[in-house]
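J.: Sequence and predicted model, in that order:
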Amino acid sequence: MKQEARVYIVSDSLGETAERVVHGAAIQFEDRGTIHIERVGHVVDGQGVDQVVERASREQAAIVFTLVRPELRQHLNEVATRLQVPHVDVMGPVLDTLEQVLGFTPQLVPGLSHRLDRDYFDRVEAVDFAVKYDDGKDPRGIREADVVLLGVSRTSKTPVSLYLANHRLKVANVPLIPEIPVPAEVFAAGRHKAVGLIIDPELLMGIRRQRLKSLGLGSSAQYATIERIMAELDYAWDIFNRLKCPVIDVSNHAVEETASRVLELKRR
């Protein structure tokens, strides 16, 4: 039987930072436990803190919090300690450490990270770019792209493109199909920013068969045969060798891992 637990995310803003931390930690327990996460945002006074801590005490839950104001952090710590509610301060120790290193106090304004700044608009622009130039829709995007992803069908080109867009990178992706010539722009403007994506053929066969099944089609279609897959992968390697581009194996890797490797290549 899986154990269950509840975690309250408490924040004087939206609570997204703490929620990402909890989700990242919860993955380590997913085989034996289920963690229910509830976000309580815009907590701006002691009364709001008291209500959440008392609820957590009744439900034997834990609290993970990102409160900017020191008096609220201290109040939550005191109340949670008194009621024996497990609690973790995500923001406080980092703020204190940075204050010590920099030698001056932080602004202590909730929600600063969500201001509509240049960073935000750059990300929106990059996401729009990834959608517009997804799956080789318009090869003209290759000239403007920061990264050009190439790979056969079902090698995570689109999700990796969107993940990289959240890092403000403009990404165009191009499917490699033996019967369709690679756009000339890839060799002209995209050579120095091309990254190839490759995958284990047996794994790809399983992914494609599952895809056909989800579409209500038979798994015996040529698209999912090992012969077709090997021909496509051979063609992909031929393109990669002609471009002399780096190649990333996406087999059994999460989108985040693949994107991180692309980011590392970009940094180099």
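T.: Now that the structure is in, tell me what you want to look at.
J.: When you work out contacts or count neighbours from here on, use the C-alpha atoms and nothing else.
T.: OK.
J.: Now do the strands in the stretch 51-200 of the chain.
T.: With strands called from DSSP state E, counting those that start in this stretch, the stretch 51-200 of the chain shows them at 62-66, 87-89, 147-151, 171-175, 194-198.
J.: For the ones you listed, give me CSV that also has mean neighbour count, distance to Lys137 and mean pLDDT.
T.: As requested, those are exported to CSV (neighbours: other Cα atoms under 10 Å; distance: least, Cα to Cα, whole Å; pLDDT from 0 to 100):
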stretch, mean neighbour count, distance to Lys137, mean pLDDT
strand 62-66, 24, 43, 96
strand 87-89, 18, 46, 97
strand 147-151, 27, 13, 98
strand 171-175, 28, 8, 97
strand 194-198, 25, 17, 98
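J.: among those strands, which is nearest Ile207?
T.: Nearest of those to Ile207, taken as Cα to Cα: strand 194-198 at 13.6 Å.
J.: The closest one pairs with which strands?
T.: Applying DSSP bridges, strand 194-198 is found paired with strand 147-151 (parallel), strand 247-249 (parallel).
J.: Save those as JSON lines, and put in distance to Gly190 too.
T.: Listed next are these as JSON lines, based on distance: least, Cα to Cα, whole Å:
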{"stretch": "strand 147-151", "distance to Gly190": "6"}
{"stretch": "strand 247-249", "distance to Gly190": "15"}
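J.: To Ala188, which of those lies closest?
T.: The minimum distance between Ala188 and those falls on strand 147-151, with 12.2 Å, by Cα to Cα.
J.: Please work out the angle formed by the directions of the closest one and strand 171-175.
T.: Here the directions of strand 147-151 and strand 171-175 differ by 20 degrees (axes from the mean of the first three to the mean of the last three Cα atoms, to 10 degrees).
J.: where's strand 147-151 relative to the chain centroid, distance-wise?
T.: Between the centre of strand 147-151 and the centre of its chain there are 18 Å (Cα atoms, centre = their mean, to the nearest Å).
J.: by contact count, what packs against the host helix or strand of Ser260?
T.: Using DSSP states H and E, the element containing Ser260 is helix 255-267. Applying 3 or more Cα pairs under 8 Å, 6 or more residues apart in numbering; DSSP states H and E, one finds that helix 255-267 contacts helix 157-165.
J.: what comes into contact with the helix it packs on?
T.: 123-124, 126-127, 130-131, 134-135, 149-151, 170-173, 197, 255-256, 258-259, 263 (Cα atoms under 8 Å, 6 or more residues apart in numbering).
J.: rewinding a little: just the angle between the helix holding Ser260 and strand 147-151, please?
T.: Angle, helix 255-267 to strand 147-151, by the same axes, to 10 degrees: 130 degrees.
J.: Use 19 as the first number for this chain going forward.
T.: That works, and once the first residue is 19, the last one we named lands at helix 273-285.
J.: buried ones in helix 273-285?
T.: 273, 276-277, 280 (16 or more other Cα atoms under 10 Å).
J.: Could I have the CA atoms of that helix written out in PDB?
T.: The C-alpha trace of helix 273-285 is given here as PDB (Å, rounded to 0.1, in the frame of the first residue of the first chain):
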ATOM      1  CA  VAL A 273      12.700  16.200 -22.200                       C
ATOM      2  CA  GLU A 274      14.400  18.300 -19.500                       C
ATOM      3  CA  GLU A 275      17.500  16.200 -19.700                       C
ATOM      4  CA  THR A 276      17.700  16.500 -23.500                       C
ATOM      5  CA  ALA A 277      17.100  20.200 -23.300                       C
ATOM      6  CA  SER A 278      19.800  20.600 -20.700                       C
ATOM      7  CA  ARG A 279      22.300  19.000 -23.000                       C
ATOM      8  CA  VAL A 280      21.300  21.300 -25.800                       C
ATOM      9  CA  LEU A 281      21.700  24.300 -23.400                       C
ATOM     10  CA  GLU A 282      25.200  23.000 -22.500                       C
ATOM     11  CA  LEU A 283      26.100  22.800 -26.200                       C
ATOM     12  CA  LYS A 284      24.800  26.300 -26.700                       C
ATOM     13  CA  ARG A 285      26.900  27.600 -23.800                       C
END
